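Trainee: here is my input; please provide its structure:
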Amino acid sequence: MVECKMKGTNMRTVPYLGIYNSDRYFILNNDTVIDEIHGDLPRILAENLVRISDQIKNADEVEYYTIVHDGKELKYSYPSEVIMNLVMHPYVFYNIHPGADCKTEIKCGLYLPDSEIANKGIKNADHDWLCIDPNILNSNLFLHYHPGADESICFSPNNGRIRFLTTFPAHVFFTLSMIPFGDKYPRILICKHVLLIDDSVMGLNIANLALNGIPEIKDDAIKGVVQRFCNCLPEYTEEFSDIDRIIELVYSRKENFEQVKEFWYGRLFYYIWKLDGMKGDMNYGRNEYKKLLDKSKQIGKNEDGNFATEALIRYTEELIKHIIYWLEDI
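Mentor: Next up is the predicted model:
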């Protein structure tokens with residue numbers, strides 16, 4: 001079994017993300033950690049904080065963090081998806097020290113923003129772990145820390161695993177961790193995680209968007225994105241343009257662009273199917289898009305062409321709306 005060593009002296013005592021496979025295990029750098037969370041919490045996470053209000057009241061430390069994980073290497077090494085481990089810093093625990101051997105279970109849940117797109121980019125890679133049961137008190141995450149060489153602390157890579165699509169420029173998720181000591185939970189961590197795969201999206205600095213606590217600044221930034229999207233949409237009197245222009249705004253790199261297109265076109269086809277009353281089979285959206293795209297070439301020549309162009313713009317606006325919802329959750 002491959003193990004990872006953590007000296008711990010220059011690392012914040014917060015959760016990290018690591019990658020484990022047969023020949024390597026490494027931990028992503030946490031680019032930035034701030035001691036607060038801006039914006040709204042996911043609904044289920046907020047409900048769980050109410051559920052554990054007694055434990056929060058009796059805890060010695062209740063800590064809120066926003067953590068930016070540097071995942072820029074992932075876009076080259078993992079073209080479509082990557083499975084990562086949620087790794088707790090050993091010093092989160094009260095009884096850990098060099099030479100200690102600690103096996104424990106903590107209460108830990110992972111929560112996604114409420115937007116539909118965010119929920120498509122992150123999946124639980126272990127069926128028996130994070131938030132299968134929305135009640136945090138029913139969760140159990142096993143951790144094992146043990147001695148290593150040179151007075152280091154090692155952990156066996158058996159922590160909770162999460163599957164991320166690397167066709168996203170960034171992912172946002174939240175964790176709630178209840179750290180036990182004796183029969184109590186004296187330390188409770190509420191963390192907002194930003195896994196940064198690309199530096200910018202549509203001209204936005206994603207890290208700044210997540211870390212900025214001034215709503216007006218975030219609102220103005222997103223308004224700028226909306227305007228860029230609107231510039232991609234033709235007037236009703238023009239032939240409909242290819243959706244690739246909008247996808248390129250979300251994901252500007254050339255690497256893995258075919259995988260990226262597959263995801264975002266998939267969302268578009270889903271919204272077409274949904275807006276049309278969820279009729280037909282799973283190929284309905286794809287087939288309808290192709291049919292309307294062909295008819296839109298007759299815009300200005302007959303009513304079918306005009307109707308097809310209007311329909312395509314309406315469907316594309318639905319995709320844009322959900323992208324904006326996703327950005328607002330960052």
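Trainee: residue ranges of the strands in the stretch 1-150 of the chain, please?
Mentor: For the stretch 1-150 of the chain, the strands defined by DSSP state E, counting those that start in this stretch cover 4-6, 15-20, 25-27, 30-34, 61-70, 81-88, 102-111, 122-124, 141-147.
Trainee: for residue 219, find the nearest of these.
Mentor: In terms of C-beta to C-beta, the element of the strands of the stretch 1-150 of the chain nearest to residue 219 is strand 61-70, at 18.5 Å. To be clear about C-beta, it is placed using only N, CA and C from the backbone, and glycine gets the same treatment.
Trainee: can I get that closest one in CSV, CA atoms only?
Mentor: What follows is strand 61-70 as a C-alpha-only set of coordinates in CSV (Å, rounded to 0.1, in the frame of the first residue of the first chain):
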residue,chain,number,x,y,z
GLU,A,61,-13.9,25.2,18.2
VAL,A,62,-16.4,25.7,15.4
GLU,A,63,-14.3,26.8,12.4
TYR,A,64,-15.3,28.1,9.0
TYR,A,65,-12.9,28.0,6.1
THR,A,66,-12.8,28.7,2.4
ILE,A,67,-10.1,26.6,0.7
VAL,A,68,-8.8,27.0,-2.8
HIS,A,69,-7.1,23.7,-4.0
ASP,A,70,-4.6,24.1,-6.9
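Trainee: identify all contacting residues around it.
Mentor: Counting by C-beta atoms under 8 Å, 6 or more residues apart in numbering, strand 61-70 makes contact with 14-17, 28-38, 56, 186-196, 207, 210-211, all of which sit outside it.
Trainee: circling back to that earlier point, for residue 281, which of the strands of the stretch 1-150 of the chain is the nearest?
Mentor: Comparing these by their distance to residue 281 (C-beta to C-beta), the top pick is strand 122-124, with 23.4 Å.
Trainee: return the list of helices and strands in contact with that closest one.
Mentor: Based on contacts counted as 3 or more C-beta pairs under 8 Å, 6 or more residues apart in numbering; DSSP states H and E, the elements that strand 122-124 packs against are strand 161-165.
Trainee: angle of the strand it packs on against strand 81-88?
Mentor: Angle between the axes of strand 161-165 and strand 81-88 is 140 degrees (criterion: axes from the mean of the first three to the mean of the last three C-alpha atoms, to 10 degrees).
Trainee: tilt between strand 161-165 and strand 102-111?
Mentor: Orientation of strand 161-165 against strand 102-111 (the same axes, to 10 degrees) gives an angle of 40 degrees.
Trainee: show me what the helix or strand that strand 161-165 is followed by is packed up against.
Mentor: Towards the C-terminus, the helix or strand next in line after strand 161-165, according to DSSP states H and E, is strand 170-181. Using 3+ C-beta pairs under 8 Å, 6+ apart, the elements in contact with strand 170-181 are helix 43-51, strand 102-111, helix 116-121, strand 161-165, strand 184-196.
Trainee: assess the claim that residue 59 and residue 189 are in contact.
Mentor: No - between residue 59 and residue 189 there is no contact under C-beta atoms under 8 Å: 10.2 Å.
Trainee: next, count neighbours for residue 290.
Mentor: Other residues within reach of residue 290 by the criterion other C-beta atoms under 10 Å amount to 11.
Trainee: and what of residue 146?
Mentor: Counted with other C-beta under 10 Å, residue 146 comes out at 15.
Trainee: so what's it bridging to?
Mentor: In this entry, residue 146 is beta-bridged to residue 154, by DSSP bridges.
Trainee: now it: how far from residue 283?
Mentor: The span separating residue 146 from residue 283 equals 52 Å under the rule C-beta to C-beta, to the nearest Å.
Trainee: residue 59 and residue 189: which has the busier surroundings?
Mentor: In this comparison of residue 59 against residue 189, neighbours counted by other C-beta under 10 Å, the higher total goes to residue 189 at 21 against 17.
Trainee: next, the angle from the lengthiest helix in the chain to strand 170-181.
Mentor: For the chain, the helix that runs over the most residues, judged by DSSP state H, is helix 303-329. Between the axes of helix 303-329 and strand 170-181, defined by the same axes, to 10 degrees, the angle is 30 degrees.
Trainee: contacts only, for the residue nearest the centre of the chain.
Mentor: The residue at the geometric middle of the chain, judged as the C-alpha nearest the mean C-alpha position with C-alpha atoms, centre = their mean, is residue 171 (2.7 Å). With C-beta under 8 Å, 6+ apart as the criterion, the residues that contact residue 171 are 118, 121, 122, 164, 165, 193, 194, 195, 197.
Trainee: next, format the residues you listed as CSV and append neighbour count.
Mentor: Shown next, in CSV, are the contacts of residue 171 (neighbours: other C-beta atoms under 10 Å):
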residue, neighbour count
118, 21
121, 22
122, 20
164, 22
165, 18
193, 24
194, 21
195, 26
197, 25
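Trainee: quote the end-to-end distance of stretch 136-143.
Mentor: Terminal residues of stretch 136-143 are spaced 17 Å apart (C-alpha to C-alpha, to the nearest Å).
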